[in-house]
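Undergrad: Next one to model:
(chains A and B)
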Number of protein chains: 2
Amino acid sequence: MNKLFVGIDIGGTAIKAGLLSDKGEVLCNDRIPTRTEAGVQGILMDCLGLCHSMLSSVGAEQSAVVGIGMGVPGMVDGSVVTEATNLGWDKVELAAEFAKISSIPLRVANDADAAALGEVRCGAARGMKNVFMLTLGTGLGSGIIINGSIYPGNHGFGGEMGHVVLVSGGRKCCCGRRGCAELYLSAPALIRDAKAALRRHPESVLAGLQGFGTKEIFESSDTDELCGELVKRYTRRLSELCLNIANAFRPEAIILGGGISLAGEKLTAPVQRALDEESLARCFAPRIDVLPAMLGNSAGFIGAAGLWWE
Amino acid sequence: MNKLFVGIDIGGTAIKAGLLSDKGEVLCNDRIPTRTEAGVQGILMDCLGLCHSMLSSVGAEQSAVVGIGMGVPGMVDGSVVTEATNLGWDKVELAAEFAKISSIPLRVANDADAAALGEVRCGAARGMKNVFMLTLGTGLGSGIIINGSIYPGNHGFGGEMGHVVLVSGGRKCCCGRRGCAELYLSAPALIRDAKAALRRHPESVLAGLQGFGTKEIFESSDTDELCGELVKRYTRRLSELCLNIANAFRPEAIILGGGISLAGEKLTAPVQRALDEESLARCFAPRIDVLPAMLGNSAGFIGAAGLWWE
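TA: Residues are numbered from 1 along each chain as shown, chains lettered A, B, ... in the order given. Down below sits the predicted model:
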């Protein structure tokens, strides 16, 4: 029997899981709602159930499982989870809790870090060693891969690129500082900017829609003046953040994930151009690739399984 | 015979070298002028001469030397040195060149990276794993230590925190961007700011001096209004850079080195306070220490020798 690995991505609304081979192939995957109200043990029981149902669907025994990797939306220090507010978890000894119900060994990581690892192991940046991933969604998440492994920061408290200042003296952030990147680069920020600008642009295609998301803004950026302006300003700001990352860290690639990254080339091309033309070592260093994430919602559980492929 | 290690820091004006024990003690050290005009082989011969004279001063044989580490002011990819403009070196295969004149194995690193490694192995951040060092001098240099080793960036082109934007839309930088940190945090930048402000403050103690450096500005910051203002603005800007590093990377410590760091507490205390009060995970994560560099000009050769203590 081949070795198997289980990856589980515990989100605030759904738990996504996959059973992977030692080559990183997803043999099967599944998802269930997150029963936050069931507490730590309830959620872990659900995870174990998912694990067993995936094993039986491929006709494999539990003994074939080398380990389970879990991505959680909180700070992770070893296997202690802190400040997972969406789950209501704080200072949870996750491996110890899991050991009460299963003998399968568990490794744990922050969910954004796990997604970055997934993209490095099996996705957009396969085989690269030093990679930054920015997740442009409800917030601005980030994952840092250094030397092929997650860089978690001291005690798991690192990697919050959303709270690096992008606009000095800019908008007031809930963290207490001003001008944090998340206030300009998250999906809600782009939509808020669009709504504010609509007053000046009643002719925009956006004005005729019942509601719109970042998808509609990017889709009309070539034909609609307002959408064009919004995308230009958004990609310029994103480029500034990526240029800072480029100069400070010179990774091999920056991966752009999250809902906004579905815009594809319209998002990545201007950022790639900025790095090619404006980054510090542009004249003599190898190019830094700007890559759209490939694994979508599967990155988290694939990367979580990847915690076992060191 | 105990094992010995040689560390050499090749600067634009001087070559500093030390002979170290396997416990990291500096058994002896020396410095000579850099004969830039002698080219790569000339400088390497001088380095080998330094090495032999240090060995004979402690009565040791060459066979006791495990290896030589060299810090150079340029980009370092493996042992290839690029863009070492102060030395006139570009694309120099340093280990291969050195092998022509000596059988002692050589390891090479960027000089700022080597200094950071020195402070982590034997200085201010001894024993820490994840540390950023900012060198506040003629420019703004930086060294990043991750998991106890130098993080050099892809092909050695990383770690230029001086070219992270600190003031959006600010001063024009030679790199092409605007508002780079180096334009506000280097010693020449602080002195230029002081000279510009002197017009508004003819009563300042600085006005009575023939010339002044950053030392005089910090020394009078408690008693002179202008100096107080300058130091407050400088440390606030430095705090913003350190807060960005804190939120993005959450290292165990940030070391401040270079000439300006001789100001000691007057420099480090306001930055420490900013991290304690404003960094993202301040309420639940361990403190990030702000530490003045301890090894001064010796950090470079100590860290270079440290390349052999993996």
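
Undergrad: bridging residues for the spatially closest residue to A:Met161 that is not a sequence neighbour?
TA: Nearest-residue entry for A:Met161: A:Ser142, 3.8 Å, with adjacent residues in sequence omitted and distances by C-beta to C-beta, 6 or more residues apart in numbering or on different chains. Where C-beta positions appear, they are placed from N, C-alpha and C, glycine not excepted. Per DSSP bridges, the residues bridged to A:Ser142 are A:Leu134.

Undergrad: list the contacts for A:Ser142?
TA: A:Ala112, A:Ala116, A:Phe132, A:Met133, A:Leu134, A:Thr135, A:Gly159, A:Glu160, A:Met161, A:Gly162, B:Ala248 (C-beta atoms under 8 Å, 6 or more residues apart in numbering or on different chains).

Undergrad: what pLDDT does it get?
TA: A:Ser142 is assigned a predicted lDDT (pLDDT) of 94.

Undergrad: go on, A:Met1?
TA: According to the model, A:Met1 carries a pLDDT of 60.

Undergrad: sorry, back to before: quick one: the contacts of A:Ser142 as CSV, columns for pLDDT, neighbour count and distance to B:Leu87 too.
TA: Below are the contacts of A:Ser142 laid out as CSV (pLDDT from 0 to 100; neighbours: other C-beta atoms under 10 Å in any protein chain shown; distance: C-beta to C-beta, whole Å):
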residue, pLDDT, neighbour count, distance to B:Leu87
A:Ala112, 93, 30, 42
A:Ala116, 97, 34, 38
A:Phe132, 97, 28, 31
A:Met133, 97, 34, 37
A:Leu134, 97, 28, 37
A:Thr135, 95, 26, 42
A:Gly159, 84, 25, 36
A:Glu160, 90, 26, 39
A:Met161, 94, 29, 35
A:Gly162, 95, 27, 40
B:Ala248, 94, 25, 32
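
Undergrad: Next, format these as a markdown table and append secondary structure and distance to B:Leu185.
TA: What follows is those, written out as a markdown table (DSSP: H, G, I helix; E, B strand; the rest coil; distance: C-beta to C-beta, whole Å):
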| residue | secondary structure | distance to B:Leu185 |
| --- | --- | --- |
| A:Ala112 | helix | 30 |
| A:Ala116 | helix | 30 |
| A:Phe132 | strand | 23 |
| A:Met133 | strand | 29 |
| A:Leu134 | strand | 26 |
| A:Thr135 | strand | 30 |
| A:Gly159 | coil | 24 |
| A:Glu160 | coil | 23 |
| A:Met161 | helix | 21 |
| A:Gly162 | helix | 24 |
| B:Ala248 | helix | 17 |
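
Undergrad: could I get the residues you listed as TSV with distance to A:Val81?
TA: What follows is those, written out as TSV (distance: C-beta to C-beta, whole Å):
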residue	distance to A:Val81
A:Ala112	14
A:Ala116	18
A:Phe132	23
A:Met133	21
A:Leu134	23
A:Thr135	19
A:Gly159	15
A:Glu160	16
A:Met161	21
A:Gly162	20
B:Ala248	21
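
Undergrad: So which of the residues you listed is the closest to B:Val205?
TA: Ranked by distance to B:Val205 (C-beta to C-beta), these are led by B:Ala248 at 38.6 Å.

Undergrad: what does the stretch 101-250 of chain A put close to chain B?
TA: Proximity of the stretch 101-250 of chain A to chain B (C-beta under 8 Å from any C-beta of the partner chain) is limited to residues A:130, A:142, A:144, A:146-147, A:151, A:153-155, A:157-161, A:163-168, A:170, A:175-177, A:179, A:240, A:243-244, A:247-250.
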